[in-house]
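Q: Structure, please.
(one chain, ligands or ions: 1)
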Amino acid sequence: MSTHDKVRMAMALARKGVEWDSEKKRADCPLCGERARVVTTKKQDRARVRYHACTNDSCLICALKEQMKSVEVVEG
Ligand SMILES: [Zn+2]
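A: Now for the predicted structure:
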(Lines give C-alpha, C1' and ligand atoms only; values in the text may rest on other atoms or scores of the structure.)
Protein backbone atom coordinates (compact mmCIF):
# COMPACT_ATOMS: atom_id res chain seq x y z
CA MET A 1 0.00 0.00 0.00
CA SER A 2 1.35 3.43 -0.87
CA THR A 3 1.82 6.09 1.77
CA HIS A 4 -0.95 8.05 0.14
CA ASP A 5 -3.33 5.11 0.49
CA LYS A 6 -2.32 4.57 4.11
CA VAL A 7 -2.98 8.21 4.92
CA ARG A 8 -6.31 8.11 3.14
CA MET A 9 -7.31 4.94 4.98
CA ALA A 10 -6.27 6.35 8.36
CA MET A 11 -8.26 9.52 7.77
CA ALA A 12 -11.32 7.56 6.67
CA LEU A 13 -11.10 5.40 9.79
CA ALA A 14 -10.77 8.43 12.04
CA ARG A 15 -13.71 10.18 10.41
CA LYS A 16 -15.92 7.12 10.80
CA GLY A 17 -15.62 7.65 14.53
CA VAL A 18 -15.00 5.23 17.37
CA GLU A 19 -17.10 3.28 19.77
CA TRP A 20 -17.22 4.40 23.40
CA ASP A 21 -17.01 1.49 25.82
CA SER A 22 -19.16 2.67 28.72
CA GLU A 23 -18.04 -0.17 31.00
CA LYS A 24 -14.35 0.39 30.52
CA LYS A 25 -14.87 4.14 30.04
CA ARG A 26 -12.61 4.27 27.06
CA ALA A 27 -12.43 4.32 23.32
CA ASP A 28 -9.66 2.76 21.32
CA CYS A 29 -7.92 4.04 18.24
CA PRO A 30 -9.32 2.13 15.24
CA LEU A 31 -5.92 1.98 13.60
CA CYS A 32 -3.43 1.01 16.32
CA GLY A 33 -5.83 -0.22 19.01
CA GLU A 34 -4.36 1.91 21.77
CA ARG A 35 -6.52 3.87 24.14
CA ALA A 36 -7.52 7.17 22.59
CA ARG A 37 -7.32 10.21 24.83
CA VAL A 38 -10.48 12.26 25.36
CA VAL A 39 -9.97 15.78 24.03
CA THR A 40 -13.43 17.22 24.60
CA THR A 41 -16.76 16.03 25.94
CA LYS A 42 -19.98 17.74 24.96
CA LYS A 43 -23.18 16.97 26.78
CA GLN A 44 -26.25 16.79 24.64
CA ASP A 45 -29.76 15.83 25.71
CA ARG A 46 -29.30 12.11 26.06
CA ALA A 47 -25.82 11.72 24.83
CA ARG A 48 -22.25 12.54 25.55
CA VAL A 49 -20.32 13.36 22.46
CA ARG A 50 -16.59 12.98 22.84
CA TYR A 51 -13.68 13.76 20.61
CA HIS A 52 -10.63 11.58 20.96
CA ALA A 53 -7.04 11.76 19.87
CA CYS A 54 -4.57 8.93 19.47
CA THR A 55 -1.32 9.52 21.35
CA ASN A 56 0.67 6.65 19.90
CA ASP A 57 3.67 8.27 18.18
CA SER A 58 3.96 5.49 15.64
CA CYS A 59 0.30 5.66 14.60
CA LEU A 60 -0.78 7.57 11.49
CA ILE A 61 -3.95 8.86 13.12
CA CYS A 62 -1.74 10.41 15.80
CA ALA A 63 0.67 11.79 13.22
CA LEU A 64 -2.19 13.30 11.21
CA LYS A 65 -3.71 14.78 14.38
CA GLU A 66 -7.08 13.46 13.33
CA GLN A 67 -9.74 13.54 16.00
CA MET A 68 -12.29 10.79 16.38
CA LYS A 69 -15.84 11.21 17.56
CA SER A 70 -17.72 8.87 19.85
CA VAL A 71 -21.29 9.06 21.07
CA GLU A 72 -22.46 7.62 24.38
CA VAL A 73 -26.21 7.45 24.90
CA VAL A 74 -27.07 8.21 28.51
CA GLU A 75 -29.96 6.31 30.05
CA GLY A 76 -32.91 8.18 31.52
ZN1 LIG B 1 -3.65 5.12 16.85
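
Q: all strands for this structure, in order.
A: For the chain, the strands defined by DSSP state E cover 37-44, 47-53, 67-73.

Q: Redo these as CSV? Include mean neighbour count.
A: For glycine as for every other residue, the C-beta is placed from the backbone atoms N, C-alpha and C. Listed next are the strands of the chain as CSV, based on neighbours: other C-beta atoms under 10 Å:
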stretch, mean neighbour count
strand 37-44, 12
strand 47-53, 18
strand 67-73, 17
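
Q: My read is that Leu64 contacts Val7, right?
A: Yes: the criterion here is C-beta atoms under 8 Å, and Leu64 meets it with Val7 at 6.8 Å.

Q: What separation is there between the closest residue to Cys62 other than its chain neighbours and Val18?
A: Closest residue to Cys62 apart from its sequence neighbours, by C-beta to C-beta, 6 or more residues apart in numbering: Cys54 at 4.2 Å. The spacing between Cys54 and Val18, counted by C-beta to C-beta, to the nearest Å, is 10 Å.

Q: List the contacts of the residue nearest to Cys62.
A: Cys54 makes contact with Cys29, Leu31, Cys32, Glu34, Ala36, Arg37, Ile61, Cys62, Glu66, Met68 under the criterion C-beta atoms under 8 Å, 6 or more residues apart in numbering.
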